[in-house]
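A.B. asks: kindly generate the corresponding structure for this input.
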Amino acid sequence: MKPIKHLTLIEPLEARIAPAIILNPYTVTYQDGSGDTAVVKISKPLFKNSLAAGKILNFTDTSGNTIQESFSGNGTAENLGEINLLGRTDASGMNISVTVLPQVGVGDLQVNVGEILAANFQSGTFQVTQNISLGSIDIQGDLGLIDAGASNYYFVPAIKSLTVKSMNEGDQSYVLGPIGSLTVQDNFSANLAVIGYQFGSIGKLYIGGSLTGDASADNGSGVIQFYGHIGSAVIGSITGTAGNYTGYLEGVSSTGTTIGSLTVLNSITGGSGNGSGDVTAEYGISHIYVGGDIHGGAGQASGQISGPLGAVDIAGSLIGNSGLGSGSLFSQLAISGQNPFPVGIGKVTIGGNVQGGEAGVAAAGSTAAQAGESGVISALSAPSITIGGSLIGGNAGTDSNASNETANTSGAILVNSVQNLTILGGIQGGTGPSSGIVTTQSSSGSSHYGNVFISGDIKGGTGAVSGAVYLQGGGSGTSIANLRLSGNVIGGAADNSGEIFTNGALTKALITGNITGNSTTTTAAVYNTGYLQAGSIGALDIKGTIVPGSDTGGIVNSGAIRATTNITSLTVEGAITATAANPVIISALQGPATKGKPTTDLAISNLSFLGAVSGLDVLAGYTTPVVTIFGATSVGAALGIASDATAQIGTVTFHGNLSASNVVAGVTGVSGTGYLPGGHFGTAGDAAITSGGTSGLYSTIGKIILEGSVTGDSTTGDSFGFVAQDVKSVALGTPPNATYISLDPGPNNDHLVTVSGNLVVNEVPPA
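C.D. replies: A predicted model of the protein is given here:
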């Protein structure tokens, strides 16, 4: 019986509260334009009579024209255009709600409010008058604009809480002082600035729909600016449009802005407007979670998160576009009047790919395209970076004038130091330069990569420095403690494509696949494809094969392994298949630095080849060729530059068959050049290197073990050699049952002792 009585009481109550009636000093009802019965409630008794209520509540008709409300209950449909509290100090801290009294079959169950005015802001000056603070505000519909301001915003919030269904219309809103919480159940495409220096903060921000630009793609729509901090932000999605700075969450620079945590339930998507779909907090975002993708647009800095970044977790992919800096993470600190500089980032986890975009085309009247740094993770350091998919480079621009296109660093990790880097889908270069790369920031200090695990290939593209791990730090260089590649290194069609490069120490490395140089038919020479170089190599194991590439215009460092100082241990389990004219090169310059007077100069300590080997040059005492990639390309000697007269080799073991190969330490080849491949060692022209080395030492090869068959080649004029000032031992077969080549003890004694055919042992005098 009670439910029936309750329902019979509601109907006459609804009839009595016909629109535009003052029920009491706290409550006014009216009929809105869609037929709903709206209820305005305040927590202070300001609706004392029609005159008092009319000064606060300003109505418009359904066409938007201002009307004078008599609060006599005439039943005319109207909309609440304004709640005006300017200068009403008696309203300080007041709660406001505008809700719908549900009626079956009537209205749309939402009521819109044009604006709430509790402060007077002078546009462009940030001067505020007639301001009061507000308590809790609840609008069961769209709120176009709100201005409020605490007179003592150091201690009192400007708005305790603001809850609306949406904010999609109106001019820019200003709030002077903190907002305790801001809840938008649907979309936000308005413009809100929370000012007051470091006190211009939002405790909790929730947007259930999208932070996005308005339907007209106006510049600066769908923007929340704050000058202090946001404790936590949960947003359904962030979507930029064609307008500049749309779908934009900005911590204004130089005021110490921070975000405690940012959760985007779906994706962040940039538009064609600059700064669209962008999130920035100049002094840091502690934690970021994105449930979908971060996808850049054609606008600069679109689909970008920037500021000092803490932990980042992206369930989908990080995808660049043609806009400069689009689809990227930039962990950087900005100081007023200065360019941002990189800082560390927290743990980064990306479920999908990191993919670069296409370089843009030059705009009308412009001399350069807006290209570069799309699909990028940029920071000074990181504890760990995990990419569940691939690192994929972007493409060069489509501008018909290629000179208008700037360098396109795309699909890139730009980090100086990482403890753990994991890429589960491999690295693929693109047509743009510096695409699909792991590389370092420009820095004068040393840097370090701990564990690097890549599952899949490192494959070069057609852009220079593409499909590469390319680490070049300052100081003592960038070191790698442990590298594991479960795939191949495959050269591309451009310089430094398909490459592992670090100018510091490579302490331990395992490559389970092959190293293969690129083969092209271009007339220009191609350098460093299918290539590995380190400052020093501790222990390197290659399970697969090594094959150089070829090029009509010439090829250098294709399928090559080089150390700018020394190699401690290198094992190649597969075959090495090359020719004397286009060899695979393994080189090192000199022994590691030691305190006091060194007793050895071991450039290469131990090499072991399990498969068949043909066309191999092992060179101790040689630097890499001099190559300048961007701009004019210059190359020194094809084999490298002979620079250490006392370089030494420890033990080299060939478990399979050997042909057309050289093992040399501290010597040059025919005519004293030593620069030309093609079987030019092992002749009377062999000579000691004339520069470098350690006083009191001489070049040596400790032991060469040849377990398989041994031959040179049948080409007229070719010769091959095991050459140093002292070759201590050459064993044919497996020790202790091997046959040894007869050599006199000590250096500089024997010359041209034949091993097989045109392969000889040669000991040379000092220079």
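A.B. asks: now residue 729. Nearest residue, chain neighbours left out?
C.D. replies: Among residues not flanking residue 729 along the chain, residue 703 sits closest, at 4.5 Å (CB to CB, 6 or more residues apart in numbering). For glycine as for every other residue, the C-beta is placed from the backbone atoms N, C-alpha and C.
A.B. asks: just the element for that neighbour, please.
C.D. replies: strand 700-706 (DSSP states H and E).
A.B. asks: chain center to the next helix or strand after that strand, what's the gap?
C.D. replies: As assigned by DSSP H and E, the chain's next helix or strand after strand 700-706 is strand 710-711. Mean-position distance between strand 710-711 and its chain equals 50 Å (CA atoms, centre = their mean, to the nearest Å).
A.B. asks: return the list of strands paired to the host helix or strand of residue 562, each annotated with direction.
C.D. replies: Per DSSP H and E, residue 562 falls inside strand 561-563. Strand 561-563 has its sheet partners listed here by DSSP bridges as strand 531-534 (parallel), strand 584-588 (parallel).
A.B. asks: residue 375: which of these is closest?
C.D. replies: Of all the strands paired with strand 561-563, it is strand 531-534 that lies closest to residue 375, at 24.2 Å by CB to CB.
A.B. asks: for the closest one, which positions count as buried?
C.D. replies: Residues of strand 531-534 classed as buried by neighbour count (16 or more other CB atoms under 10 Å): 531-534.
A.B. asks: follow the chain on from it and name the next helix or strand.
C.D. replies: strand 536-542.
A.B. asks: parallel or antiparallel, list what pairs with that following strand.
C.D. replies: Strand 536-542 is paired, per DSSP bridges, with strand 505-511 (parallel), strand 567-572 (parallel).
A.B. asks: quick one: mean pLDDT for it?
C.D. replies: Model confidence over strand 536-542 averages 98 on the pLDDT scale.
A.B. asks: what sits closest to residue 621 if chain neighbours are left out?
C.D. replies: According to CB to CB, 6+ apart, the nearest residue to residue 621 is residue 647 (3.2 Å).
A.B. asks: give me the helices and strands touching the strand ranked longest in the chain, please.
C.D. replies: Counting by DSSP state E, the longest strand found in the chain is strand 134-149. Here strand 134-149 touches strand 94-101, strand 113-118, strand 120-122, strand 159-166, strand 173-176, going by 3 or more CB pairs under 8 Å, 6 or more residues apart in numbering; DSSP states H and E.
A.B. asks: state the distance from the closest residue to residue 309 other than its chain neighbours to residue 294.
C.D. replies: Nearest residue to residue 309, sequence neighbours excluded (CB to CB, 6+ apart): residue 331, at 4.2 Å. According to CB to CB, to the nearest Å, residue 331 stands 14 Å off from residue 294.
A.B. asks: okay, those two: which has more neighbours?
C.D. replies: The neighbour comparison of residue 331 against residue 294 (other CB atoms under 10 Å) goes to residue 294, with 32 against 27.
A.B. asks: please report how far that one lies from residue 527.
C.D. replies: Counting by CB to CB, the gap from residue 294 to residue 527 is 35 Å.
A.B. asks: which element follows the lowest-mean-pLDDT helix or strand in the chain toward the C-terminus?
C.D. replies: Every helix and strand of the chain was ranked by mean pLDDT, DSSP states H and E. The lowest is helix 2-16, at a mean of 34. As assigned by DSSP H and E, the chain's next helix or strand after helix 2-16 is strand 21-24.
A.B. asks: what about that next one, average pLDDT?
C.D. replies: pLDDT averaged over strand 21-24 gives 95.
A.B. asks: in the sheet, which strands lie alongside whatever helix or strand comes next after it, parallel or antiparallel?
C.D. replies: The helix or strand immediately downstream of strand 21-24 is strand 27-31, counting by DSSP H and E. Sheet pairing for strand 27-31, assigned by DSSP bridges, gives strand 21-24 (antiparallel), strand 37-42 (antiparallel).
A.B. asks: give me the contacts around strand 27-31.
C.D. replies: Residues outside strand 27-31 that contact it (CB atoms under 8 Å, 6 or more residues apart in numbering): 17-23, 37-41, 47, 53, 57, 59, 69, 71, 75-78, 80, 101.
A.B. asks: for PyMOL, what selects the buried ones among these?
C.D. replies: Burial among the contacts of strand 27-31 is assessed by 16+ other CB under 10 Å; the matching PyMOL selection reads:
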select buried, resi 17+19+20+22+37+38+39+40+41+47+53+57+59+69+71+76+78+80+101
